[in-house]
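In: Give me a model of this one.
(2 chains)
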There are 2 protein chains.
Amino acid sequence: MCDTCGCGDDHQHIDVEKKLMTKNDEFALKNRDYLTRYNICALNFVSSPGSGKTSLLVKTIEALKDRYRSAVIEGDQQTDQDALRIQSTQVPVKQINTGQGCHLDAHGIGHAMEDLKIHDEDFLFIENVGNLVCPASFDLGEAHKVVMLSVTEGEDKPLKYPYMFHASSVMLLNKIDLLPYVDFDLGCCLQYARQVNPHLTIFPLSVKTGEGFEAWIQWLMQQK
Amino acid sequence: MCDTCGCGDDHQHIDVEKKLMTKNDEFALKNRDYLTRYNICALNFVSSPGSGKTSLLVKTIEALKDRYRSAVIEGDQQTDQDALRIQSTQVPVKQINTGQGCHLDAHGIGHAMEDLKIHDEDFLFIENVGNLVCPASFDLGEAHKVVMLSVTEGEDKPLKYPYMFHASSVMLLNKIDLLPYVDFDLGCCLQYARQVNPHLTIFPLSVKTGEGFEAWIQWLMQQK
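Out: Here you go, the predicted structure:
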């Protein structure tokens, strides 16, 4: 930042941010210890608003439910609409409203896990606030971040928001049923994503039509 | 936050945040004074990633250019792709890369305005980082925030991200050419948006096909 025009509070700001991140990492470590002890695979779903995370979760839980137990933590600035959609699948769900906050943090996740009393679940699915920026920096104790991108958002997003794609293990490229109707270069998008993170496992799919969905479910089952 | 488990740095955090916001507001005031003195209408465009802000700006500048002078400030975490797209319209443009930052701030906008040497422009278009959360809290000195939502993101977004829709004067509902291919309840979306902010001026449009675009241009011209 600028040294010449009086905007000089950055050092104090950075100190407090570092302290908060350290605190968050401590809570994340506690969450991860608990999840490992009970052999629960926790996934932290991140994306822009409206990429299709909740629809994916509903369909994923349905696909797994004969063989695996799941629980869900839903993050949103406001409303419990997503939690209500998840409730229809009969799995335990806890809504966290962040208000003006832009991400879930490990401390809130710890309390939500307590409230849900999870211990014999196979999967904990955490749907973060729709935000392709801030949740990248917050470890919640998850096994993996799963970033969702929809083809309506444009192929350039991995380059423009690289931190999230770098922090994630899996990228779900959703809404491929809309490819005929939008200008979206699939090859380019995959190349950009791998440029930012060569280790990304990528599943192009359509939650709506089910195309490509089975490969994602197979990957999930391999995590157990 | 929790009083019982040691996550107790919030007061210090809130103090620093308040200080930063006050500082931002001071810079925003300076920007607004300058823009008012030179009769420049500044608009701060906010949305999720990929809603279509850059495409809108390119088309808007083209529509205005015989009668009005425009300049653009582009915000992105990384890349100068959007600035390059704007450059094709021949108007002055300045890219700000925020790195891990999640929003533009008034301090950075002040410096960008200096770099652009704007004084005889009619419009300053500021494209914020794609993020439906954090930019809601940062005044840049603009006349209006313009929030863009695309129909592929779902009709519930005004309720789930109310702060941004509350902070905005105008809502551009983009990609209406895709309405036949997505599950999107237009009436519901307009009702949610007006529930959060009864004063919103709303333009449903498609930047791609041009449908509804003229009403937006008319509104812009009324600001001068």
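In: Next, work out how far apart the most centrally placed residue in chain A and chain B are.
Out: Nearest to the geometric centre of chain A sits residue A:45, at 1.7 Å (Cα atoms, centre = their mean). From residue A:45 across to chain B, the span is 15 Å (Cβ to the nearest Cβ, to the nearest Å). Backbone N, C-alpha and C define where each C-beta goes, glycine included.
In: What angle do helix B:10-37 and the longest helix seen in chain A make with each other?
Out: Scanning chain A for the helix with the most residues, using DSSP state H, yields helix A:10-37. Relative orientation of helix A:10-37 versus helix B:10-37 (axes from the mean of the first three to the mean of the last three Cα atoms, to 10 degrees): 130 degrees.
In: Follow the chain on from helix A:10-37 and name the next helix or strand.
Out: strand A:41-47 (DSSP states H and E).
In: Would you list the strands that that following strand pairs with, along with their directions?
Out: The pairing partners recorded for strand A:41-47 under DSSP bridges are strand A:123-127 (parallel), strand A:144-150 (parallel).
In: Could you export the ones you listed as a markdown table, including mean neighbour count?
Out: Shown next, in a markdown table, are the strands paired with strand A:41-47 (neighbours: other Cβ atoms under 10 Å in any protein chain shown):
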| stretch | mean neighbour count |
| --- | --- |
| strand A:123-127 | 26 |
| strand A:144-150 | 26 |
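In: which residues does the residue nearest to the centre of chain A contact?
Out: Each residue near residue A:45 by Cβ atoms under 8 Å, 6 or more residues apart in numbering or on different chains is listed here: A:53, A:56, A:57, A:125, A:126, A:127, A:128, A:145, A:146, A:148.
In: make it 7 Å
Out: Counting by Cβ atoms under 7 Å, 6 or more residues apart in numbering or on different chains, residue A:45 touches A:53, A:125, A:126, A:127, A:128, A:146, A:148.
In: what's the answer for residue A:98, then?
Out: Residues near residue A:98 by Cβ under 7 Å, 6+ apart: A:75, A:77, A:104, A:129.
In: who wins for neighbours among the residues you listed?
Out: Most neighbours among those, by other Cβ atoms under 10 Å in any protein chain shown: residue A:75, with 30 neighbours.
In: Show me the beta-bridge partners of the nearest residue to residue A:91 once chain neighbours are set aside.
Out: Of all residues not flanking residue A:91 in the chain, residue A:70 sits nearest, at 4.9 Å (Cβ to Cβ, 6 or more residues apart in numbering or on different chains). According to DSSP bridges, the residues that bridge with residue A:70 are residue A:123.
In: Please report how far residue A:70 lies from chain B.
Out: In terms of Cβ to the nearest Cβ, residue A:70 sits 22 Å off from chain B.
In: Hmm, that residue is touching residue A:118, no?
Out: No. Between residue A:70 and residue A:118 there is no contact under Cβ atoms under 7 Å: 9.6 Å.
In: quick one: low-confidence ranges for chain A?
Out: A:1-13 (pLDDT under 70).
In: please redo it, this time with the cut-off set to 50
Out: A:1, A:3-4, A:9 (pLDDT under 50).
In: quick one, helices of it?
Out: Under DSSP H, chain A gives helices at A:10-37, A:53-64, A:81-87, A:106-116, A:157-160, A:162-167, A:186-196, A:213-222.
In: could I get these as TSV with mean neighbour count and distance to chain B?
Out: Converted to TSV, these look like this (neighbours: other Cβ atoms under 10 Å in any protein chain shown; distance: least, Cβ to the nearest Cβ, whole Å):
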stretch	mean neighbour count	distance to chain B
helix A:10-37	15	5
helix A:53-64	20	9
helix A:81-87	18	6
helix A:106-116	20	5
helix A:157-160	23	5
helix A:162-167	21	5
helix A:186-196	16	9
helix A:213-222	15	17
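In: CSV for those helices, including distance to residue B:63?
Out: Compiled in CSV, these are given as follows (distance: least, Cβ to Cβ, whole Å):
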stretch, distance to residue B:63
helix A:10-37, 40
helix A:53-64, 36
helix A:81-87, 37
helix A:106-116, 46
helix A:157-160, 25
helix A:162-167, 33
helix A:186-196, 28
helix A:213-222, 42
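In: Quick one: residues contacting residue A:176.
Out: A:151, A:204, A:205, A:206, A:211, A:212.
In: Next, count neighbours for the closest residue in space to the fourth one that isn't next to it in sequence.
Out: It stands for residue A:206. Among residues not flanking residue A:206 along the chain, residue A:177 sits closest, at 4.2 Å (Cβ to Cβ, 6+ apart). Number of residues near residue A:177 (other Cβ under 10 Å) recorded here: 18.
In: rewinding a little: so which of the contacts of residue A:45 comes closest to residue A:17?
Out: The shortest approach to residue A:17 among these belongs to residue A:128, at 19.1 Å (Cβ to Cβ).
In: what's near enough to touch the closest one?
Out: By Cβ under 7 Å, 6+ apart, the neighbours of residue A:128 are A:44, A:45, A:46, A:75, A:103, A:104, A:135.
In: if we go to 10 Å?
Out: Residues in contact with residue A:128 (Cβ atoms under 10 Å, 6 or more residues apart in numbering or on different chains) are A:44-47, A:53, A:73-76, A:96, A:98, A:102-104, A:109, A:134-136, A:138, A:140, A:142, A:145-147.
In: Perfect, I'm done here.
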